[in-house]
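Engineer: Give me coordinates for this.
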Amino acid sequence: MTLAVAAALAYPNLGFFHVHYKSPIHWHETFHYFMGAKYLPELGYTRIYEATWVAGRELGAFAPIRRVRDLATYALRDVASIDAAAVRARFAPARWQAFKRDLLVFGPHIEDWERVFFDHGYNDPPPRALALHLLVRWLPATPLTLTLLTSLDYAIVLAAFWAVWRAFGGLAAALAFAYLALSFFARFDFIGGSPLRWDWIAALLLGAAALARGAGAAAGLGFGYAVLARVFPVLFLVPLGLKWMQARLTGARDPALARCLVAAAALGLTVSLTLVAVPRTRELTGEFTAKIRLHNQGTYTNHVGLGSLIAFHTAPWVERPDGSVFVPHEAALAARPAPWVLPMVSVLYLLVALPLILKARPLESVMYAVPLVFCALSPAGYYYSFLVLLVLLPWRDGAADPVRLVAMGFLAFVGAAGYAFELTSSELLPLFYEASIQLGVFLLLWLVFEYIRLAASVGRSPSVSTTPASTTRGG
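Structural biologist: Numbering: from 1, shown residues only. The predicted structure follows:
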């Protein structure tokens, strides 16, 4: 408990919160997630910057801003090309006035508006965006309402860890919570103090806790929500699918696992069909799909994974006169791996990990999706909060294998190395490039540790059955 409390106090930079903003609110992120969600019907996924610029000019601001990012093409466009009348026409008069009033709240808190206008917009998937829209549709932007809104994550995460404590025990919950709060990737500086950025990881933890207790349907709803909120967590269902297939082939039965997969699939299918059936949400989904396809064609300095590592290792780095470095955008795009490389590596990884997955308990097998995300995708660094699964899922009945405890220690060391490297360079490019290298090395060694553990367990019990163990802790 002491460890968890200390980690909770350390997470918001020991009470200093965002040093740059001098506030518990991450104003840059909150602008995108509050304004993008509240005005989703008017803005869609591509019009937040042009509407903000037009509203700002009516308020007497943004005169120095000459270009904004066109979110339909990701190219920078001259503000002279923005049709102000067309922008206003998408709003009812009362909504346009509300948009400007909300913008007035953000204005003084964001110093570098050019950085905002050059960002990549609001990218919540439609189910998550519509849910947040319902929450903030009638909520005015004030320091108080935004503080309360951005504090919801803390309540959600605490609720998730209460479930984790009940399912895995106090020690496992405390260590997992401490890792998440102190993680280099999940740190407060990146997305702390912005609206509902942790709901998906809380859903993953709730799903894991439910599956550990044998509540398969509840677990499926947790995993399913995580997929709807952030899409990429669908990869965490891959090992569970393999375990279900194994059970079918061996004649074993795991009703909790089956209910989990059915519930996750049913939730995803129901929401997807609803989005497609309603014309407005169908249009919104198409807009999101086109935008994310465009987004995924780029390379970003704060992304971590094999694809980013290959691109930034291959591309030439250019040093500015002040000593900082960058990679020209065109060079980074040219250095991306061929389209077949990452899928091939991902399949090879699954083949290598398959014996481990088949020997693992169903819930335990979810850990093996962590390297899969690294190989197949290169999400933004803060999404690697899911590394907490490597700390939590090895625990069963209050104990964890000694080899895995060593791996947890190594994971903590990798995080500390990230902080140490930041002391020498706070630039995003070298920082996250090094983070990709460190994490890649760790995941490789973690896989080796897992095979060492498997070999040791086989050596102790040569006649271990290949029948999958029960999902629950007591099985």
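
Engineer: For burial, what's the neighbour tally of residue 57?
Structural biologist: Using other CB atoms under 10 Å, residue 57 has 15 other residues around it. The C-beta positions use only the backbone N, C-alpha and C, and glycine is treated the same way.

Engineer: Could you check how far it is from residue 106?
Structural biologist: 15 Å (CB to CB, to the nearest Å).

Engineer: list the contacts for residue 148?
Structural biologist: Residue 148 sits next to no residue when contact means CB atoms under 8 Å, 6 or more residues apart in numbering.

Engineer: Over to it: give its phi and psi.
Structural biologist: Torsion angles at residue 148 (phi, psi; degrees, to the nearest 10) stand at phi -70, psi -40.

Engineer: Let me know the pLDDT of residue 319.
Structural biologist: Model confidence at residue 319, given as pLDDT, is 89.

Engineer: State the mean pLDDT of the helix or strand encompassing residue 174.
Structural biologist: Element membership for residue 174 (DSSP states H and E) is helix 170-182. The average pLDDT within helix 170-182 is 95.

Engineer: swap in stretch 253-262?
Structural biologist: Rounded mean pLDDT across stretch 253-262 is 96.

Engineer: in it, what's buried?
Structural biologist: For stretch 253-262, a neighbour-count test (16 or more other CB atoms under 10 Å) marks 254, 256-261 as buried.

Engineer: can you list those in JSON lines and add secondary structure and distance to residue 365?
Structural biologist: Shown next, in JSON lines, are those (DSSP: H, G, I helix; E, B strand; the rest coil; distance: CB to CB, whole Å):
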{"residue": "254", "secondary structure": "coil", "distance to residue 365": "11"}
{"residue": "256", "secondary structure": "helix", "distance to residue 365": "13"}
{"residue": "257", "secondary structure": "helix", "distance to residue 365": "10"}
{"residue": "258", "secondary structure": "helix", "distance to residue 365": "15"}
{"residue": "259", "secondary structure": "helix", "distance to residue 365": "16"}
{"residue": "260", "secondary structure": "helix", "distance to residue 365": "12"}
{"residue": "261", "secondary structure": "helix", "distance to residue 365": "13"}
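
Engineer: May I see the buried residues of the helix holding residue 174?
Structural biologist: Residues of helix 170-182 classed as buried by neighbour count (16+ other CB under 10 Å): 172-182.

Engineer: What is the nearest of the residues you listed to residue 309?
Structural biologist: Comparing the buried residues of helix 170-182 against residue 309 with CB to CB places residue 179 closest, at 23.0 Å.

Engineer: Is it correct that the closest one is in contact with residue 388?
Structural biologist: Yes. The pair residue 179 / residue 388 is scored as a contact, 5.5 Å apart, by CB atoms under 8 Å.

Engineer: Correct me if wrong: residue 398 contacts residue 175.
Structural biologist: No. Checked against CB under 8 Å, the pair residue 398 and residue 175 is beyond contact range at 11.6 Å.

Engineer: Can you tell me what sits against stretch 115-132?
Structural biologist: If you take CB under 8 Å, 6+ apart as the criterion, stretch 115-132 is touched by 28, 31-33, 35-37, 40, 43, 45-46, 48-49, 52-53, 65, 67-69, 71, 74, 76, 110, 195-196, 199-200, 228-231, 271, 275, 281, 284-285, 288, 291-292, 295.

Engineer: follow-up on the earlier one: reformat the buried residues of stretch 253-262 as CSV; add distance to residue 208.
Structural biologist: Shown next, in CSV, are these (distance: CB to CB, whole Å):
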residue, distance to residue 208
254, 15
256, 12
257, 13
258, 17
259, 15
260, 10
261, 14
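
Engineer: ok, so of the residues you listed, who is nearest residue 425?
Structural biologist: residue 260 (43.3 Å).

Engineer: re earlier: buried members of the contacts of stretch 115-132 into PyMOL, please.
Structural biologist: Only the buried members of the contacts of stretch 115-132 end up in this PyMOL selection, burial being decided by 16+ other CB under 10 Å:
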select buried, resi 28+31+32+33+35+36+37+40+43+45+46+48+49+52+53+65+67+68+69+71+195+196+199+200+228+229+230+231+271+275+281+284+285+288+291+295
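
Engineer: Of the contacts of stretch 115-132, which belong to strands?
Structural biologist: Judged by DSSP state E, the contacts of stretch 115-132 include 67-69, 76 as members of strands.

Engineer: So which residues of this protein form strands?
Structural biologist: For the chain, the strands defined by DSSP E cover 67-69, 76-78, 318-319, 325-326.

Engineer: tell me the average confidence for the second one?
Structural biologist: Mean pLDDT, taken over the full extent of strand 76-78, equals 96.

Engineer: pLDDT score assigned to the residue nearest the centre of the chain?
Structural biologist: Centroid check for the chain by CA atoms, centre = their mean gives residue 383 as the closest residue, at 3.0 Å. Looking at residue 383, its pLDDT reads 96.

Engineer: Good, wrapping up.
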